[in-house]
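# Got a predicted structure plus its sequence, pasted below:
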Number of protein chains: 2
Amino acid sequence: MYAEIITIGDEILIGQIVDTNSAFIAKELNKIGISVYQITSVQDDRVHILKALEEAGSRAQIVIITGGLGPTKDDITKHTLCEFFDDELINNELALRHIKELFANYFSTPISEINRQQAMVPSKAIVLHNANGTAPGMWMHKDEVSFVSLPGVPFEMKGLIVNEVIPKIIEKYDRPHIIHRTLVTYGLGESAIAEKIENWENNLAAFIKLAYLPNLGKVRLRLTAKGPDRKVLTDAVEEELTKLPSLIGDFIYGLEDEETLEELVAKLFTAKKMTLATAESCTGGKIAQKITALSGASAYYKGSVVSYSTETKINVLNVPRALIDEHSVVSAEVAKAMAKNVKSLLKTDFAIATTGNAGPTKGDSNAEIGTVYIAIATPNSVFADKFMMGNHRTRIVQKAVNKAFELIQKEILKI
Amino acid sequence: MYAEIITIGDEILIGQIVDTNSAFIAKELNKIGISVYQITSVQDDRVHILKALEEAGSRAQIVIITGGLGPTKDDITKHTLCEFFDDELINNELALRHIKELFANYFSTPISEINRQQAMVPSKAIVLHNANGTAPGMWMHKDEVSFVSLPGVPFEMKGLIVNEVIPKIIEKYDRPHIIHRTLVTYGLGESAIAEKIENWENNLAAFIKLAYLPNLGKVRLRLTAKGPDRKVLTDAVEEELTKLPSLIGDFIYGLEDEETLEELVAKLFTAKKMTLATAESCTGGKIAQKITALSGASAYYKGSVVSYSTETKINVLNVPRALIDEHSVVSAEVAKAMAKNVKSLLKTDFAIATTGNAGPTKGDSNAEIGTVYIAIATPNSVFADKFMMGNHRTRIVQKAVNKAFELIQKEILKI
């Protein structure tokens, strides 16, 4: 049993927006055991949409369509759906009432004819309530295939998927189980890992698939198992996982199952009732942003001093000017001083500090582009490591952030 | 003339990664006048890949394929390409030499048989040099259609697109011109704008398309014109744009052409030789991160105090405890004190401060979830505005960040 996703909108095909909707929908479908066969992005064009619907319907039992349901003229999805289902648009009273309520509560402008049009839906459609917007979702059928049309605004689409579409799919379809386990390795390249686990990989059961996912200094290994009996899948995958540490040794730092390293760090700090501060130079606030993107961060995270200039390091972080003059602003000594001082300034148990040169120009130090020092202050000590992170600004910052989370995770685990 | 993009990889279809490659490629193709007809994401599966190649080749003259060229066993792309082109893999000496050089310079592990395999390419392929990785790009032909296969690692793919693929397309194909202009509006919803510009829209020339792109409190209007004469397109689009201010009045804040609000702010601060600091509570470092993501930020940006706890506001930003006790930590008074104090602490001309409650729980104040105060300190004054930004954590932060850039942009323009 397969699903397919069709995203409608020229903005995706001109590269103006990245299609994040499909990844969200695919993940939610996977969780309930439904594989996505294909994702297709098509133009705001009647003929193109019709062809995509026809083709997806010939391959999959569920077709989820996003985009093209806004109130304005560039939207032709609804009329095309009518053509596809040989149907016509009728006014839906519930949808209209919802639009009126939204306007009464949240909009300063009066409800217009264009807004009223959004309550027009194909007569055969089951209307799905869009709690977060004016365009309703629609569920239709053709030859045993379900077609679900959703607005493209991510916030509205997500609400509809989680609250309306997934529960209906669970109710309507028998599904196999799919489980994924992802293992994160550091330090070894894709091919070096492949050689170490070659025999193991060749002996995997047919229902288990392995994928290598390399990205910025880490390679994730993803095991996917699919079948009717969840326990069989879980047991088989767990057994295979236990064999890996002896094959790739200490390159594994942990097991993930949807969990990110930031989430793991947040969990550890919260559980151990420890607190954290950061002092960021070359990472420019990205560590703070990643930490605070998770709700509950205030339980352990006290804040950051983003010291993007030498003066800020001196004036706010109290790094001695003499230390900077002696060692340069990009140095282990300055990183350690930043970590120690932000820890005492913000009265925390741990601190992370970064200083480096992300390029493209050399800035306040002569350090080679890509040089990054990361310091960790713990309750009893402080240390700094030096890293060379290439010569691409965005990647240097991203790698430094990943490395910082890796280092702090190792330290908090010792508590 | 059309191009298509095929991305290969189960990781996209299970939603583990978002397909950012396609947006990048589409944007680069658009810049040189080539429209993308369809983007298709398919499984790591021989039959599926063959079908996607066949179909894309029937609709487009250029097909760009990413993914499935890594060194490990989950990659079947190269063998499938051989099947499609009725070809066989041969060793490419230049590609092998490049792999050896990369290993000599950057890797600690010895070169392996698996790595050597990456130098095997279809005999009819023109090899494209991948400066950033071991998997070469490949350019092949079938019945007048160009097929270009690239590795899926974004950094490697981007280098190949910019340095190899785009120059070759420019050399090989005559192309029409495409221009896009995007206009950003604030305050009005999609349908309210549509009503105001209905007549204007109906009178647009046939070669100009309009799209509405609503997102988080702003609606972008995108005009796209396509044709053989660039000057005709530019003149026509510019003329249409001049008519809009009188129709949607002061809701337009500026014109963008690829440019983001952060980039505009960076440009203004740099040109006016003014400096900026931030003090972020509810936005948690995201403003700093957005500012420092752009190279050259250190010319005007001195840093941020991410005061994620009340204590940090008191200890680092010197916000008087009495002020917090009297007005609550989420208040105009505290926002103004944060902005004023971070401006003097970091010795800048301007400062932005945010304090609010992004939820999901109420935290250190009783402010309703979604309440955000944004303060701006200018060389001569300080003010704070209150905003209600809904009840969804990620969106509250994103809206607050957008609003902060909007406010600071208005102030820096006054200098």
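Okay, I see it. Residues are numbered from 1 along each chain as shown, chains lettered A, B, ... in the order given.

# give me the low-pLDDT residue ranges for the stretch 201-350 of chain A?
A:215-217, A:249-259 (pLDDT under 70).

# now the helices for it?
A:230-248, A:261-272, A:286-292, A:310-315, A:321-327, A:332-345 (DSSP state H, counting those that start in this stretch).

# From chain B, how far off is the residue located most distally from the centre of chain A?
Distance from the C-alpha centroid of chain A, by CA atoms, centre = their mean, peaks at residue A:322 (42.7 Å). To chain B, residue A:322 is 20 Å away according to CB to the nearest CB, to the nearest Å. (C-beta placed from N, C-alpha, C; glycine too.)

# one step back: deepest of the helices of the stretch 201-350 of chain A, which one?
Highest mean neighbour count among those (mean count of other CB atoms under 10 Å in any protein chain shown): helix A:286-292, with a mean of 27.

# What helices and strands are in contact with it?
Here helix A:286-292 touches helix A:261-272, strand A:276-280, strand A:301-307, helix A:393-413, helix B:286-292, going by 3 or more CB pairs under 8 Å, 6 or more residues apart in numbering or on different chains; DSSP states H and E.

# pLDDT on the fourth one, on average?
Averaging pLDDT along helix A:393-413 gives 91.

# That helix - contacts with which helices or strands?
strand A:252-256, helix A:261-272, helix A:286-292, strand A:350-356, strand A:371-377, strand A:382-388.

# The last one near chain B anywhere?
No: Strand A:382-388 lies out of reach of chain B by CB under 8 Å from any CB of the partner chain, never closer than 9.9 Å.

# care to break chain A down by domain?
Per automatic domain parsing, the structural domains of chain A span A:2-172, A:178-256, A:261-413.

# what distance separates the last one from the centre of its chain?
So that's domain A:261-413. 23 Å (CA atoms, centre = their mean, to the nearest Å).

# among the helices of the stretch 201-350 of chain A, which is nearest residue B:241?
Evaluated over the helices of the stretch 201-350 of chain A, closeness to residue B:241 peaks at helix A:286-292, with 34.7 Å, by CB to CB.

# which residues touch the closest one?
A:262, A:265-266, A:276, A:278, A:280, A:297, A:301, A:303-304, A:306, A:352, A:354, A:397-398, A:401, A:404-405, B:280, B:284-286, B:288-289, B:292-293, B:306, B:308, B:397 (CB atoms under 8 Å, 6 or more residues apart in numbering or on different chains).

# Swap in 7 Å and give it another go.
With CB atoms under 7 Å, 6 or more residues apart in numbering or on different chains as the test, helix A:286-292 has contacts from A:262, A:278, A:280, A:297, A:301, A:304, A:352, A:397, A:401, A:404, B:284-286, B:289, B:306, B:308.

# for stretch A:228-242, same thing?
A:176, A:177, A:179, A:181, A:183, A:204, A:205, A:208, A:223, A:225, A:227.

# my read: residue A:197 touches residue A:247, true?
Yes: here residue A:197 reaches residue A:247: they are 5.2 Å apart, a contact under CB atoms under 7 Å.

# Around chain B, pick out the residues from the stretch 251-400 of chain A.
Counting by CB under 7 Å from any CB of the partner chain, the stretch 251-400 of chain A comes close to chain B at A:284-286, A:288-289, A:292, A:295, A:297-298, A:301-309, A:311-312, A:315-316, A:345-347, A:360, A:363, A:392-393, A:395.

# ok, what's across the strand from residue A:350?
Listed by DSSP bridges, the beta-bridge partners for residue A:350 are residue A:276.

# shaky segments in the stretch 1-150 of chain A?
A:70-75.

# How about the residues of it by chain B?
A:10-20, A:23-24, A:26-27, A:30, A:36-43, A:70-74, A:107, A:109, A:112, A:114-115.

# Output stretch A:367-385 as CSV, nothing but the C-alphas.
Output of stretch A:367-385 as CSV, limited to C-alpha atoms (Å, rounded to 0.1, in the frame of the first residue of the first chain):
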residue,chain,number,x,y,z
ALA,A,367,43.3,32.9,12.0
GLU,A,368,42.9,30.8,8.8
ILE,A,369,39.3,30.7,7.6
GLY,A,370,37.7,27.6,9.0
THR,A,371,39.5,27.7,12.3
VAL,A,372,37.1,27.3,15.2
TYR,A,373,37.9,26.9,19.0
ILE,A,374,35.1,25.5,21.1
ALA,A,375,35.5,25.7,24.9
ILE,A,376,33.4,23.8,27.4
ALA,A,377,33.3,25.0,31.0
THR,A,378,32.1,22.3,33.5
PRO,A,379,31.4,22.7,37.2
ASN,A,380,35.1,21.9,37.9
SER,A,381,37.1,22.6,34.8
VAL,A,382,37.4,24.3,31.4
PHE,A,383,38.9,23.1,28.2
ALA,A,384,39.1,24.1,24.5
ASP,A,385,39.5,22.1,21.3
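
# if we can go back for a sec, just checking, which of the residues of the stretch 1-150 of chain A next to chain B belong to strands?
A:36, A:37, A:38, A:39, A:40, A:41, A:42 (DSSP state E).

# hmm, back to that, I only care about the residues of the stretch 251-400 of chain A next to chain B that end up buried; give me the PyMOL line for that.
To isolate in PyMOL the members of those that are buried, counting by 16 or more other CB atoms under 10 Å in any protein chain shown, one can use:
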select buried, chain A and resi 284+285+286+288+289+292+297+298+301+302+303+304+305+306+307+308+309+311+312+315+316+345+346+363+392+393+395
